[in-house]
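Trainee: coords please:
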Amino acid sequence: MKNNMKKIIVGILGFVILFTAQNAFANYAFNPFYQVGNNCQICSHPQPQPQPQPICSIINFTTNTTSITQGDSAVLSWSTGDCMNVTISNLASSLPSTGSQVVSPTQTTTYILTAYSLTGAIQTRTVTIYVNNYNNYNNYNNYNNTYCTINSFNADNIYINPGDPVTLRWSTSGCTNVTISNLGYNIPYSGTQIIYPTTTATYVLNAYGNGYGNNNQSRSIQINVNYYNQIVPVTPVYNSNVVTMIATNISQTSAQLNGVVTNSNFQNANIHFEYGTTTNLGTITPTQSVNGNNNFNAIISSLTPNTTYYFEAVSNCPTGISHGAIQLFKTYPYETTPVKKIIIQGPTIPSSTSPIVLKIEDKFQTVGIGDIIDYTIYYKNIGNSKLTNPMVQVFIPKGITLLNTSSGTYSEDARTLSAPIEDLTPGAEGTIYLEGRVDSFDSGLAQMVTTAVLVYTNSSGAQENAMAYVLNNPKVVNMLGASAFLGNIFNFGLIGWLLLVIIILLLVLVARTITGRRVVTTTTQRTIG
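Mentor: Numbers count the residues shown, from 1 in each chain. Modelled structure (predicted):
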C-alpha cells in the first residue's frame, strides 16, 4: 500500500511539473502576447485581427405592376445589403441602398439594378415593364378585323451558367409576322424555343399587324449568364413578417392566393402576391393595404389548366420588404366527363361574416427537432342554417411527420389530412386531434404555418370555406459554446497529449489500488468464516 501511494504522489508531482513546464515553455516561446521584463505579464493590447469584408447582396428588386398603358406609371422598389453603390439603368447614377422610384416608360423597358461591393464585385437584378400602346386600338386589321397582340413572352430561367439550356415561350394573336432577336425571322405566331446562351443577352419579341398603323407590339427578356459565378448573396429569411398560406378556390383557370401579416406593429402594410409557372415568378397582383395580424387574399385568373404555379406573399412594411415562403398549387385539367373531386372552392368567408368558428392550436409556439406537436382543431356552426357536406382539411408543413389523428385520411404526397364530418346543424361543434413529430426545418423560414380549412355547402347550395392557421417558430440550438469548449479541450499539441496519457494512467492506477483493497478485505472475511 505504501508503494502504491508513493507511485500516486510521484505521478501527481510529475503531472504538475510537466503541466507547469508546458505552459511556461509555450508562453515564452510561442505566445506573442507575453513580454519579457522584470515582471512577465500579458500585453494589454493584442494585435488587431483582419475583419472580414461584408458581402454586397441584392435582397429584392420588384415593381408593383409589370404591364402599364402608355402614359401611366409604375413603382420600382429595391433593397440591398452592405453595398457601396447602387444604380438602376435609365435612372440616377447613384441611389440609396433601399428605396423606391416612380417610372413612366413610353415603351417596354427593362430596368437593371446594379449593386457594387467594396471589393469591386457586382450584383445585378432586372425588372421589365411592358407598355401597351392603345392609341391604335381601333385601327383593326384590314383583312381579318383583329388586333395584333402579344399574349405572353417568358423564359423558364433568367439566371444561368454559360451554355445552360433556356426555354423561351411566347403567344400572340391577330399578328401577321413575329420575330425574336438572335433567333431569326421564321418564327411561329406562338411556340417555344430552347436556346443555349453563353453571354448575357436581351431577347426581343416583335409582333407585327397588317392593319392601319401596323399594330406593332414588342416585349423583351434578359437572360443573365455567369450569375452563379458571382458572389453568393446573403440567404434571405422568409415568413418573418408576412407568411404565405395555401391557395384555395382552385379551378382550371383561377385560384385564390392567401397570406397573413404576422407583425402586429405594422399599420397599413402594402402587400401583394407574386406568381408564375416557375420559381422566378414574374406576375404581380394589385397592391393592398393590410394591418398586422390580418389575413389577405387575391384572386388570379386566366391561368393555364393542368399547370403548376408558384406564388409568394410580399409586404412592404416599416422594416423594409419581406417575403413569404414560395408555395405552389396545380390547376385542374379540362375534363369531358365530370369527375367528383374534393375541391376547396367557393369564397373563403372572413371570420366576421362566416357561419363557422374554426380554430387550430398547439401547446408550444417554439418547437425543435424531435419535438412532438399536438394540434387541436375546433369547429362550430354559429349560423342559423344547416351546413351540409362539411370536410376539414389540415395542411401539414414540410418537415413535420404526422404520427396520429383522431379522424380522416392523410395524403403524404399532398401533405394533407382530409376528414369528412357530419352535417352541421346550428350550434353543432366538434374537435379533431393530430399528433406530429418535427423531423427537420427549412433554414430559411422564420415561421412555419399549419393551415386548417373547413369546406361546406351553405343553405343556398353554394360551397364556401373557412380558414384558420397556427404559427410555430423553429428552435435554433446554439452549438458555438459546445464547439469552443471541445475545441479548447482537444487542441493540445504533443505535450498536451502526453499529459492526457499521464492522467489516464493515474486514474487507472487509483482504480486498481481501490479495487485491490476491496478484494483483499473480502477474501479475509471468507477465510475467517
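
Trainee: and the gap between the closest residue in space to S459 that isn't next to it in sequence and M391?
Mentor: Among residues not flanking S459 along the chain, S385 sits closest, at 3.9 Å (Cβ to Cβ, 6 or more residues apart in numbering). Bear in mind the C-beta positions are built from the backbone N, C-alpha and C, glycine included. Note on S385: its distance to M391, by Cβ to Cβ, to the nearest Å, is 18 Å.

Trainee: so which of those two has more stuff around it?
Mentor: Set S385 next to M391 and count neighbours by other Cβ atoms under 10 Å: M391 wins out with 16 against 13.

Trainee: list the beta-bridge partners for N258.
Mentor: In this entry, N258 is beta-bridged to N297, by DSSP bridges.

Trainee: how near is it to L113?
Mentor: 29 Å.

Trainee: within the helices and strands, which one has L506?
Mentor: Here L506 sits within helix 494-528, counting by DSSP states H and E.

Trainee: list the contacts of N293.
Mentor: Residues near N293 by Cβ atoms under 8 Å, 6 or more residues apart in numbering: 260-264.

Trainee: what subset of the residues you listed is buried?
Mentor: Neighbour counting with 16 or more other Cβ atoms under 10 Å marks 260-263 as buried within these.

Trainee: of these, which belong to strands?
Mentor: Those of these mapping onto strands are 260-261, per DSSP state E.

Trainee: let me know the closest of the buried ones among the contacts of N293 to F395.
Mentor: Nearest to F395 among these: V260, at 13.9 Å, using Cβ to Cβ.

Trainee: for that closest one, give its distance to I150.
Mentor: Separation of V260 from I150 (Cβ to Cβ) stands at 36 Å.

Trainee: can you get me a residue count around V357?
Mentor: Around V357 there are 16 other residues, counting by other Cβ under 10 Å.

Trainee: for it, helix, strand, or coil?
Mentor: Classification of V357 using DSSP: H, G, I helix; E, B strand; the rest coil returns strand.

Trainee: okay, it: pLDDT?
Mentor: For V357, the pLDDT comes out at 91.

Trainee: what's opposite it in the beta bridge?
Mentor: Judged by DSSP bridges, the bridge partners of V357 are K380.

Trainee: contacting residues for it?
Mentor: By Cβ under 8 Å, 6+ apart, V357 lies in contact with 378-380, 382, 429.

Trainee: the chain: helices as residue ranges?
Mentor: When assigned using DSSP state H, the helices of the chain occupy the ranges 2-29, 480-490, 494-528.

Trainee: weakest of those helices by average pLDDT?
Mentor: Of all the helices of the chain, mean pLDDT reaches its minimum on helix 480-490 (a mean of 42).

Trainee: what's the neighbour count on I356?
Mentor: Neighbour count for I356, taken as other Cβ under 10 Å: 21.

Trainee: ah, wrong one, I meant V367
Mentor: For V367, the count of nearby residues is 21 (other Cβ under 10 Å).

Trainee: likewise C175?
Mentor: Neighbours of C175 (other Cβ under 10 Å): 22.

Trainee: and it, how far is that from N151?
Mentor: Noted for C175: a distance of 10 Å to N151, by Cβ to Cβ.

Trainee: what does N64 give?
Mentor: Distance of N64 to N151, computed by Cβ to Cβ: 22 Å.

Trainee: got it, and T109?
Mentor: Separation of T109 from N151 (Cβ to Cβ) stands at 20 Å.

Trainee: more neighbours, the two?
Mentor: Remark: of T109 and N151, T109 carries more neighbours, 16 against 12, as counted by other Cβ under 10 Å.

Trainee: per-residue pLDDT of that one, please?
Mentor: Looking at T109, its pLDDT is 82.

Trainee: would you enumerate the residues in contact with the closest residue to it other than its chain neighbours?
Mentor: Nearest-residue entry for T109: I129, 5.7 Å, with adjacent residues in sequence omitted and distances by Cβ to Cβ, 6+ apart. I129 makes contact with 63, 65-68, 74, 103, 105, 108-109, 111 under the criterion Cβ under 8 Å, 6+ apart.

Trainee: in terms of pLDDT, where does I129 sit?
Mentor: Note for I129: predicted pLDDT of 81.

Trainee: again, but for A298
Mentor: Confidence at A298, expressed as pLDDT, is 90.

Trainee: cool, N316 as well?
Mentor: 78.

Trainee: F153 too?
Mentor: pLDDT, F153: 83.

Trainee: my read: L358 touches Y379, true?
Mentor: Yes. With contact defined as Cβ atoms under 8 Å, L358 counts as touching Y379 (5.1 Å).

Trainee: mind checking how far P333 is from L358?
Mentor: Distance from P333 to L358, counting by Cβ to Cβ: 30 Å.

Trainee: more crowded one of these two?
Mentor: Counted by other Cβ under 10 Å, P333 and L358 do not tie: L358 has more neighbours, with 19 against 9.

Trainee: so who does that one touch?
Mentor: 377-379, 452-454, 466-468.

Trainee: separation between it and V86?
Mentor: 45 Å.

Trainee: thinking again about what came up before, in TSV: the buried ones among the contacts of N293, plus distance to S354 and pLDDT.
Mentor: Formatted as TSV, the buried ones among the contacts of N293 follow (distance: Cβ to Cβ, whole Å; pLDDT from 0 to 100):
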residue	distance to S354	pLDDT
V260	16	88
V261	20	87
T262	21	83
N263	24	76
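
Trainee: out of the buried ones among the contacts of N293, who's nearest N294?
Mentor: Nearest to N294 among the buried ones among the contacts of N293 is V261, at 5.9 Å by Cβ to Cβ.

Trainee: count the residues that sit near the closest residue in space to N239 that isn't next to it in sequence.
Mentor: Excluding the flanking residues, the one nearest N239 by Cβ to Cβ, 6+ apart is Q447, at 4.4 Å. Using other Cβ under 10 Å, Q447 has 21 neighbouring residues.

Trainee: before we move on, what about V449?
Mentor: By other Cβ under 10 Å, 22 other residues sit near V449.

Trainee: check the one 5 residues further on too.
Mentor: Look at L454: counted by other Cβ under 10 Å, it has 25 neighbours.

Trainee: again with F395
Mentor: Here the count is done by other Cβ under 10 Å, and F395 has 17 residues near it.

Trainee: hmm, it is touching T450, no?
Mentor: Yes. Using Cβ under 8 Å, F395 makes contact with T450 at a distance of 6.8 Å.

Trainee: buried stuff in stretch 391-403?
Mentor: By 16+ other Cβ under 10 Å, the buried positions in stretch 391-403 come out as 391-397, 399-400, 402.

Trainee: also stretch 60-70?
Mentor: By 16+ other Cβ under 10 Å, the buried positions in stretch 60-70 come out as 60-65, 67-68.

Trainee: and it, how far out from the chain middle?
Mentor: Computed by Cα atoms, centre = their mean, to the nearest Å, the separation of stretch 60-70 from the middle of its chain amounts to 23 Å.

Trainee: lowest average confidence, helix or strand, in the chain?
Mentor: Across the helices and strands of the chain, mean pLDDT, DSSP states H and E gives its lowest value to strand 41-42, namely a mean of 38.

Trainee: the spatially closest residue to N265 that is not a sequence neighbour and N473, how far apart?
Mentor: Nearest residue to N265 in three dimensions, chain neighbours excluded: G292, at 6.0 Å (Cβ to Cβ, 6+ apart). Remark: distance between G292 and N473 (Cβ to Cβ) = 17 Å.

Trainee: again, but for T126
Mentor: Taking Cβ to Cβ, one finds T126 at 34 Å from N473.

Trainee: so between those two, which is more surrounded?
Mentor: Legend: neighbour count by other Cβ under 10 Å for T126 and N473, higher for T126 (21 against 15).
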